[in-house]
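1. build the 3D model from these lines:
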Amino acid sequence: MICDHCGECCKDTEMILLDEDIKRILRLGYNIEQFAVLGDDGFYHLKNVNGHCVFWDSVKKRCKIYHNRPFGCKMYPVIYDMDKSKCIIDKECHLWYTVKENEFKMKCKKIRKALREIGIIS
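-> Residues are numbered from 1 along each chain as shown. Predicted coordinates for the structure are as follows:
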């Protein structure tokens, strides 16, 4: 899938940040308070400002850290549906239909591995 940077996936994000995401973003010179909030679930999540991820540049219509974006952003529009206990393609993305089967399987495998490592799924 090729992202066209529409920003829809950056709206009201609840993206969990992995430790690697946090370390990578900290190395860019940001303080954790600038980009993350600690959720009730005990995990850091991307911070929202004015209804978008803190890294969304509304003027340029681009992610400020696109090449260093969090794991979940890289996997999108493949997401893990906790209610269904499986990976799905988020149809909120207008390019959802461009995700090829092999891409879906590869991303799902990576997502499951990451979620197991942080103890969200077994």
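
2. tell me the contacts of the nearest residue to residue 90 once chain neighbours are set aside?
-> Leaving aside its chain neighbours, residue 90 sits nearest to residue 77 (4.4 Å; criterion: C-beta to C-beta, 6 or more residues apart in numbering). Every C-beta, even on glycine, is put in place using the N, C-alpha and C of the backbone. Taking C-beta atoms under 8 Å, 6 or more residues apart in numbering, we find residue 77 in contact with 1, 9, 89, 90, 91, 92, 93, 95, 96, 99.

3. inside strands: which ones of the residues you listed?
-> residue 89 (DSSP state E).

4. what's the burial count for residue 12?
-> 8 (other C-beta atoms under 10 Å).

5. ok now do it, which residues does it touch?
-> Contact partners of residue 12, counting by C-beta under 8 Å, 6+ apart, are 48, 51, 52.

6. 10 Å - rerun?
-> Counting by C-beta atoms under 10 Å, 6 or more residues apart in numbering, residue 12 touches 48, 51, 52, 53.

7. between those residues, identify the one with the most neighbours.
-> Most surrounded of the contacts of residue 12: other C-beta under 10 Å gives residue 53, at 23 neighbours.

8. quick check: longest helix of this structure.
-> helix 101-117 (DSSP state H).

9. what's the pLDDT at the nearest residue to residue 36 once chain neighbours are set aside?
-> Distance criterion C-beta to C-beta, 6+ apart; nearest residue to residue 36, sequence neighbours excluded, is residue 44 at 4.2 Å. On pLDDT, residue 44 comes in at 98.
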